[in-house]
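Novice: prediction below, plus the sequence it came from.
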Amino acid sequence: GNSVTQMEGPVTLSEEAFLTINCTYTATGYPSLFWYVQYPGEGLQLLLKATKADDKGSNKGFEATYRKETTSFHLEKGSVQVSDSAVYFCALSRNSGNTPLVFGKGTRLSVIA
Amino acid sequence: GAVVSQHPSRVICKSGTSVKIECRSLDFQATTMFWYRQFPKQSLMLMATSNEGSKATYEQGVEKDKFLINHASLTLSTLTVTSAHPEDSSFYICSARQSAQGPFYGYTFGSGTRLTVV
């Protein structure tokens, strides 16, 4: 079946540090891949996505590249800010039909000034 | 962009009572909505898939009679937690996929409902 594995947190970084959150997936066919962010007490917001191999999703300084050969979709940001403190979820979905997202367990990021 | 409105955002109820949570797609038709449950500091667990005009599909281990799902229109799905108990306290989130047939626009999430049963 489909599954997502992401690095466990919590991750604590100083402001302006480089961020990498690893995500790998197992899926049949060619899924779409997502990163969602959840700020304290809120729902999920789409951060970025990629729908096919070698696509790069980017938003707010975050990037992730869909790597089919390594079945990975690692999230990166060159310089984190305190406001980036949140929980980040990697997820995948099939591209057809009304199928739900499959989530990783989430990685809590804390950025300290 | 597409918006899913979920309410209430917070609810406190007494043990044994029922609570209804609504999710509305505001500017698109959602033939399917997904209901998730999130325990503190954990990931989202899919509870059920709600299909407009038909019965919901529940995930293994989710009690159909406790978590009643109704999807009577293309823009509204409801989750009713019946005879709530403290162990039902959780964060419930709905999600809708914008189009299954057309261009892939992705999923939109409601803002979540924090249920506390006392």
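Specialist: It's in. Numbers count the residues shown, from 1 in each chain, chains lettered A, B, ... in the order given.

Novice: what residues does chain A put near chain B?
Specialist: A:32, A:34, A:36, A:41-46, A:49, A:51, A:89, A:93, A:95-98, A:100-101, A:103-106, A:108 (Cβ under 8 Å from any Cβ of the partner chain). From N, CA and C alone the C-beta is placed, and that goes for glycine too.

Novice: apply 6 Å and report the result again.
Specialist: A:43-44, A:98, A:100-101, A:103, A:105-106 (Cβ under 6 Å from any Cβ of the partner chain).

Novice: and which of these is nearest to residue B:72?
Specialist: Using Cβ to Cβ, residue A:98 comes nearest to residue B:72 of these, at 17.2 Å.

Novice: right, and that closest one touches residue B:32 too?
Specialist: Yes - Residue A:98 is within contact range of residue B:32, at 3.8 Å (criterion: Cβ atoms under 6 Å).

Novice: which residues touch residue B:84?
Specialist: With contact set as Cβ atoms under 6 Å, 6 or more residues apart in numbering or on different chains, residue B:84 has these partners: B:13, B:19, B:117.

Novice: I'd like the next helix or strand past the lowest-mean-pLDDT helix or strand in chain B.
Specialist: Averaged element by element with mean pLDDT, DSSP states H and E, chain B has its least confident helix or strand at strand B:107-109 (a mean of 87). Using DSSP states H and E, the next helix or strand after strand B:107-109 towards the C-terminus is strand B:113-117.

Novice: tell me the strands beside that following strand, with direction?
Specialist: strand B:10-13 (parallel), strand B:90-97 (antiparallel) (DSSP bridges).

Novice: the residue nearest in space to the middle of chain A and residue A:85, how far apart?
Specialist: Residue closest to the mean C-alpha point of chain A, counted by Cα atoms, centre = their mean, is residue A:35 at 3.2 Å. From residue A:35 over to residue A:85 the distance is 15 Å, taken as Cβ to Cβ, to the nearest Å.

Novice: swap in residue A:113?
Specialist: 10 Å.

Novice: higher neighbour count, the two?
Specialist: residue A:85 (17 against 7; other Cβ atoms under 10 Å in any protein chain shown).

Novice: OK, contacts around that one?
Specialist: A:109-111.

Novice: also residue A:46?
Specialist: Neighbours of residue A:46 in contact, by Cβ under 6 Å, 6+ apart: residue A:36.

Novice: okay, buried residues for the strand or helix carrying it please.
Specialist: Residue A:46 belongs to strand A:44-50 when assigned by DSSP H and E. For strand A:44-50, burial by neighbour count (16 or more other Cβ atoms under 10 Å in any protein chain shown) applies to A:44, A:46-50.

Novice: next: stretch B:8-27.
Specialist: So for stretch B:8-27, counting by 16+ other Cβ under 10 Å, buried means B:11, B:13, B:19, B:21-25.

Novice: gap between the two ends of it?
Specialist: Taking Cα to Cα, to the nearest Å, stretch B:8-27 runs 19 Å from one end to the other.

Novice: what is the mean pLDDT for it?
Specialist: Per-residue pLDDT values over stretch B:8-27 give a mean of 95.

Novice: just the CA trace of stretch A:11-30, in PDB.
Specialist: The C-alpha trace of stretch A:11-30 is given here as PDB (Å, rounded to 0.1, in the frame of the first residue of the first chain):
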ATOM      1  CA  VAL A  11      13.800  19.700  15.300                       C
ATOM      2  CA  THR A  12      15.200  22.700  17.000                       C
ATOM      3  CA  LEU A  13      17.100  25.300  15.000                       C
ATOM      4  CA  SER A  14      18.500  28.700  15.400                       C
ATOM      5  CA  GLU A  15      17.100  31.500  13.300                       C
ATOM      6  CA  GLU A  16      18.700  31.700   9.800                       C
ATOM      7  CA  ALA A  17      19.900  28.100  10.000                       C
ATOM      8  CA  PHE A  18      19.400  25.700   7.100                       C
ATOM      9  CA  LEU A  19      16.400  23.300   7.300                       C
ATOM     10  CA  THR A  20      16.000  19.800   5.900                       C
ATOM     11  CA  ILE A  21      13.100  17.500   6.800                       C
ATOM     12  CA  ASN A  22      13.500  14.200   5.100                       C
ATOM     13  CA  CYS A  23      10.500  12.400   3.500                       C
ATOM     14  CA  THR A  24      10.300   9.200   1.600                       C
ATOM     15  CA  TYR A  25       7.300   7.400   0.200                       C
ATOM     16  CA  THR A  26       6.100   4.000  -0.900                       C
ATOM     17  CA  ALA A  27       3.400   4.100  -3.600                       C
ATOM     18  CA  THR A  28       2.000   2.200  -6.500                       C
ATOM     19  CA  GLY A  29       2.000   4.200  -9.700                       C
ATOM     20  CA  TYR A  30       2.900   7.800  -9.800                       C
END
